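K.L.:
Sharing a model prediction with you, sequence too.
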Amino acid sequence: MVWFMTKARCQQVSLETTPYYHCVSRCVRRAFLCGFDPSTGIDFEHRRAWIEERILYLPSIFCIDVCAYAVMSNHYHVVFHVDQKKVESLSTLDIVKRWHQLCKGTLLTQAYERGIGLSQAEQNAVDDLVVEWRERLSDISWFMRNINEWLAREANAEDQCTGRFWEGRFKSQALLDEKALAACMAYVDLNPVRAKMADTPEKSEFTSYRRRAKSAKTAIKAMSNPENINRQAQELFAFAGNPRQKMSKGLPFKLRDYLELVDWTGN
C-alpha cells in the first residue's frame, strides 16, 4: 500500500518559479453558508459582500495583490500576485505598522511603533519578530487565514453558534506562465455565469470582472479627460500591457484584451 502525504504550503509555493497563485476555499460540507440555500430557505447572501470586502482590504496590509476573485454561495476563488520585492523593501517600522493592523503585536512592538526608546535586548526581540512578520506579509496562507478566520468569527457570532465554517485546507495552484494566468483569471471571473447565477459577466456580483468593467466604463465616459482613459479598479492588481523589455509592475496583458476575452467566453 502506498501512502501519499499532503504537502506543506511552503513546499507548494515557490516564488522563484512564479509569483501567481490560484486559491479556492470551501464552506464545510459545501453548505450554503454564504448565499441562499434553496433547501432551507435561509439567506446568507450578505456574507458574500463580507468576503469581497475582506479580499479587497487585505492587500493594503499584505504585500500580495489580488488579480481576480469570485465569491460564490459556498466557496470563493482568488488569484494572487506575491510582491516579494515590495515586502523586502519595507522598513522595520513599516512591517510593525502593517502587522498591527491585523494583530495587537506585543508590548515591545507597540512601544517601538510609538517611538519609545528600547534597550538593545528589547530591540533585538523586536527585530526577531519583524523577520517572522515580514515572511507572513508575503505568505498566501496567512492572507487566506485572515479571510477565513475573520469570516468564521463574524458568521458564528451572527448565528450564535460555534464550530467550523470552512473546510480544513484551501486549495492552491501555481500559475506558471501568462497563458495559464489569463485562463485562470477568466475561469474565476466566469464562475457565476457557469453556475447560472448571472446571465453575463457584467451582471456577476462579487467578482473582479464586474469591478474592472465598471471602472473601464467610467473611464470610457470620461475620455475627454486624458488622465481617465486608462483608469483601472484601484483595489485590484493593474494591467501593465503586453510583455516587453522595460515593463512596469502589473499583469502582462492589456485590460481591454482581458475584458474582451471574458466577455466573448461568457456569452
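P.N.:
Received it, and whenever you're ready, just let me know what you need.
K.L.:
Please enumerate the strands of the stretch 101-250 of the chain.
P.N.:
Using DSSP state E, counting those that start in this stretch, the strands found in the stretch 101-250 of the chain span residues 171-174.
K.L.:
can you give me the helices in the protein?
P.N.:
Here the chain has its helices, by DSSP state H, at 9-12, 46-57, 84-89, 92-100, 107-113, 120-136, 140-159, 178-189, 191-194, 208-221, 255-266.
K.L.:
any chance of those in JSON lines, with mean neighbour count too?
P.N.:
Glycine gets a C-beta too; all of them are placed from N, C-alpha and C. Shown next, in JSON lines, are the helices of the chain (neighbours: other C-beta atoms under 10 Å):
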{"stretch": "helix 9-12", "mean neighbour count": "12"}
{"stretch": "helix 46-57", "mean neighbour count": "17"}
{"stretch": "helix 84-89", "mean neighbour count": "13"}
{"stretch": "helix 92-100", "mean neighbour count": "17"}
{"stretch": "helix 107-113", "mean neighbour count": "17"}
{"stretch": "helix 120-136", "mean neighbour count": "14"}
{"stretch": "helix 140-159", "mean neighbour count": "17"}
{"stretch": "helix 178-189", "mean neighbour count": "19"}
{"stretch": "helix 191-194", "mean neighbour count": "20"}
{"stretch": "helix 208-221", "mean neighbour count": "18"}
{"stretch": "helix 255-266", "mean neighbour count": "17"}
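K.L.:
how about JSON lines for the ones you listed, with mean pLDDT and distance to L33 added?
P.N.:
Conversion of those to JSON lines gives the following (pLDDT from 0 to 100; distance: least, C-beta to C-beta, whole Å):
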{"stretch": "helix 9-12", "mean pLDDT": "56", "distance to L33": "24"}
{"stretch": "helix 46-57", "mean pLDDT": "94", "distance to L33": "7"}
{"stretch": "helix 84-89", "mean pLDDT": "95", "distance to L33": "33"}
{"stretch": "helix 92-100", "mean pLDDT": "97", "distance to L33": "29"}
{"stretch": "helix 107-113", "mean pLDDT": "96", "distance to L33": "35"}
{"stretch": "helix 120-136", "mean pLDDT": "96", "distance to L33": "27"}
{"stretch": "helix 140-159", "mean pLDDT": "92", "distance to L33": "7"}
{"stretch": "helix 178-189", "mean pLDDT": "94", "distance to L33": "20"}
{"stretch": "helix 191-194", "mean pLDDT": "93", "distance to L33": "17"}
{"stretch": "helix 208-221", "mean pLDDT": "77", "distance to L33": "22"}
{"stretch": "helix 255-266", "mean pLDDT": "85", "distance to L33": "26"}
